[in-house]
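In: The amino acid sequence is not available; the structure is as follows:
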DNA sequence: ATGTCTCAGGGACTGAGA
């Protein structure tokens, strides 16, 4: 089974690339972030025609998340329970697999803008609420996966130029501590389960020819419970869609399970 | 060194957000 995540930076713009990538890669589940369209505009017909069941929570202009699945998708839930949030950043659903039900959580963590911004305060509060909820959810759902754009590069090796990013949003110590708090729940960063090449990233700024120079950050992650981690066979980043005409600024991440 | 992309509003460009 393949689980994947991709921040598409507008599903309206990127739908042709998503359909092409689904056909080429055939993930069982794809979590999307920054769909940037309200639910009436969601391309349900096109994605169902491609063989995927869909669950989505969108809004106009900003944010928006979705889960696409070739396997039966049930028990869809939107948002962090008990956390009041206008912004559509989280959707969860249960995927029926041969190995039993797996709970998939698709998250678009706040960016935070800059460490002196009120958006940074919101970011840390949002992650704190997510973590508190997942602590309980993990007890109910032994086979749990948290996929998405975390907007956090966990370690120096996840940043091409750590000195240039020192103390900034996406790499600041409080954000990294928040990431470690998720790990402390018993979640595993599937990417680090395996020996990886150096300088693998998932996001490159559109500016300054960052992609061509591989000046990126690894901020999109697939974390899974230990029960699921035991079956994880690989975790890779597919840079190919980032080379396309009019690409998203993020590349998809794929984890494969036995 | 705020350099790119997306979207909304409003009918050319500006501002917000990332």
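Out: Arrived safely, thanks for sending. Please read these numbers as outputs of a predicted model, since none were measured by experiment.

In: wait, doesn't residue A:99 sit right on residue A:231?
Out: Yes - here residue A:99 reaches residue A:231: they are 7.2 Å apart, a contact under C-beta atoms under 8 Å. (Each C-beta comes from the backbone N, C-alpha and C, glycine too.)

In: Give me the neighbour count for residue A:57.
Out: 22 (other C-beta atoms under 10 Å).

In: Who does it form a beta bridge with?
Out: residue A:65 (DSSP bridges).

In: That one: what's it in contact with?
Out: By C-beta atoms under 8 Å, 6 or more residues apart in numbering, the residues touching residue A:57 are A:39, A:64-66, A:78-79, A:88, A:90-91.

In: so what does the stretch of helix or strand residue A:91 belongs to touch, helix or strand wise?
Out: Residue A:91 belongs to strand A:90-97 when assigned by DSSP states H and E. Packing partners of strand A:90-97 (3 or more C-beta pairs under 8 Å, 6 or more residues apart in numbering; DSSP states H and E): strand A:53-57, strand A:65-69, strand A:73-78, strand A:100-108.

In: tell me what the third one is packed against?
Out: It stands for strand A:73-78. strand A:53-57, strand A:90-97.

In: what mean pLDDT would you report for that strand?
Out: For strand A:73-78, mean pLDDT is 98.

In: what sits up against that strand?
Out: In contact with strand A:73-78 (C-beta under 8 Å, 6+ apart) are residues A:53-55, A:57, A:67, A:88, A:90-96.

In: What subset of these is buried?
Out: A:53-55, A:57, A:67, A:88, A:90-95 (16 or more other C-beta atoms under 10 Å).

In: Can you tell me which of those residues lies closest to residue A:239?
Out: Checking those against residue A:239 with C-beta to C-beta, the nearest one is residue A:67 at 23.2 Å.

In: ok, now which ones touch that closest one?
Out: Here residue A:67 is in contact with A:29-32, A:54-56, A:73, A:76, A:91-93, A:104, A:106 (C-beta under 8 Å, 6+ apart).

In: go with 7 Å
Out: Taking C-beta atoms under 7 Å, 6 or more residues apart in numbering, we find residue A:67 in contact with A:29, A:31, A:55, A:73, A:91, A:93, A:104, A:106.

In: about what we covered before: widest-spaced pair of the contacts of strand A:73-78?
Out: Counting by C-beta to C-beta, the most remote pair of the contacts of strand A:73-78 is A:88 and A:96, 24.8 Å apart.

In: give me the number of residues near residue A:191?
Out: 23.

In: In contact with it: list those residues for me.
Out: A:221, A:235.

In: TSV please, covering the helices and strands packed on strand A:90-97 and showing distance to residue A:257.
Out: Shown next, in TSV, are those (distance: least, C-beta to C-beta, whole Å):
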stretch	distance to residue A:257
strand A:53-57	19
strand A:65-69	14
strand A:73-78	17
strand A:100-108	9
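
In: pLDDT score assigned to residue A:118?
Out: Predicted confidence (pLDDT) for residue A:118: 94.

In: Same check on residue A:158?
Out: 98.

In: Give the buried residues for stretch A:26-45.
Out: In stretch A:26-45, counting by 16+ other C-beta under 10 Å, buried: A:27-37, A:42-43.

In: can you redo these as a markdown table with pLDDT?
Out: What follows is the buried residues of stretch A:26-45, written out as a markdown table (pLDDT from 0 to 100):
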| residue | pLDDT |
| --- | --- |
| A:27 | 98 |
| A:28 | 98 |
| A:29 | 98 |
| A:30 | 98 |
| A:31 | 98 |
| A:32 | 98 |
| A:33 | 98 |
| A:34 | 98 |
| A:35 | 98 |
| A:36 | 97 |
| A:37 | 96 |
| A:42 | 97 |
| A:43 | 98 |
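
In: near DNA strand B, from those residues?
Out: Applying C-beta under 7 Å from any atom of the strand to these, one finds that A:34, A:36-37 fall near DNA strand B.

In: Fine, thanks again, bye for now.
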